[in-house]
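Colleague: I would like to see how this sequence folds:
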Amino acid sequence: MPRMKLRDWQKENLPSITHSVRTAVAATASVIIAHLVQMPEAYWAAIATLVVMQSSLGATLALSIERVIATALGASVGAIEANYFRANLAVFTLAIFFIGLLSFGFRLEKTAYRYASVTLTIIILIPRTNPAWIVALHRFIEVSVGIVVALLVVAIWPERHPVPAKRTDE
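Modeller: Numbers count the residues shown, from 1 in each chain. The predicted structure follows:
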């Protein structure tokens, strides 16, 4: 098994101190806001923020739109499946496949398909006492809070990248 060496890392892909602070502030704000709107699983807001945080608003916005659509898709299919079929493994398999077809139809990328599938899985396979549609709605709100907070933090507090010095010997 090859070992990773520090010299093989690309400096632009390493988190900066600023990016680390922005991410920590955004994740914490997500949890606080999710608690304020009385979401039962506020940690999903933080997870969504952590997944979406990027260094630029353009990259974050594109990811955010797909993640909101994917969460809505997974929550909707999950609520329908849980309501009519409970935790039936065969129907679960078909639901994951169906989400893949819908993702293809909506032209969502594979990462969004995974996000929708994870949402469906959380709604279906984690036993809860609330009706499935409430669980699905909570999940959608929790994730949406996290995504909106990530967008706001990146928009308000853009990460500055140092401008490389121009070469004078040309």
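Colleague: against residue 125, how distant is residue 34?
Modeller: Going from residue 34 to residue 125 by Cβ to Cβ, to the nearest Å gives 22 Å. In short, each C-beta sits where N, CA and C put it, glycine included.
Colleague: same drill for these two, tell me which one is more crowded.
Modeller: residue 34 (27 against 12; other Cβ atoms under 10 Å).
Colleague: correct me, but the more buried one touches residue 144?
Modeller: No: Residue 34 is beyond contact range of residue 144, at 9.8 Å (criterion: Cβ atoms under 8 Å).
Colleague: just want the most central residue of the chain.
Modeller: residue 48 (3.7 Å; Cα atoms, centre = their mean).
Colleague: contacting residues around the one helix or strand it maps to?
Modeller: Taking DSSP states H and E as the criterion, residue 48 maps to helix 43-52. Residues from elsewhere that reach helix 43-52, judged by Cβ atoms under 8 Å, 6 or more residues apart in numbering: 23, 26-31, 33-34, 39, 60, 63-64, 67, 71, 115, 139, 142-147, 149-151, 153.
Colleague: list the buried ones in that helix?
Modeller: Burial within helix 43-52, assessed by neighbour count using 16 or more other Cβ atoms under 10 Å, is assigned to 44-49, 51-52.
Colleague: closest one to residue 110 out of those, please.
Modeller: residue 51 (14.2 Å; Cβ to Cβ).
Colleague: what mean pLDDT does the helix holding residue 48 have?
Modeller: For helix 43-52, the mean per-residue pLDDT is 94.
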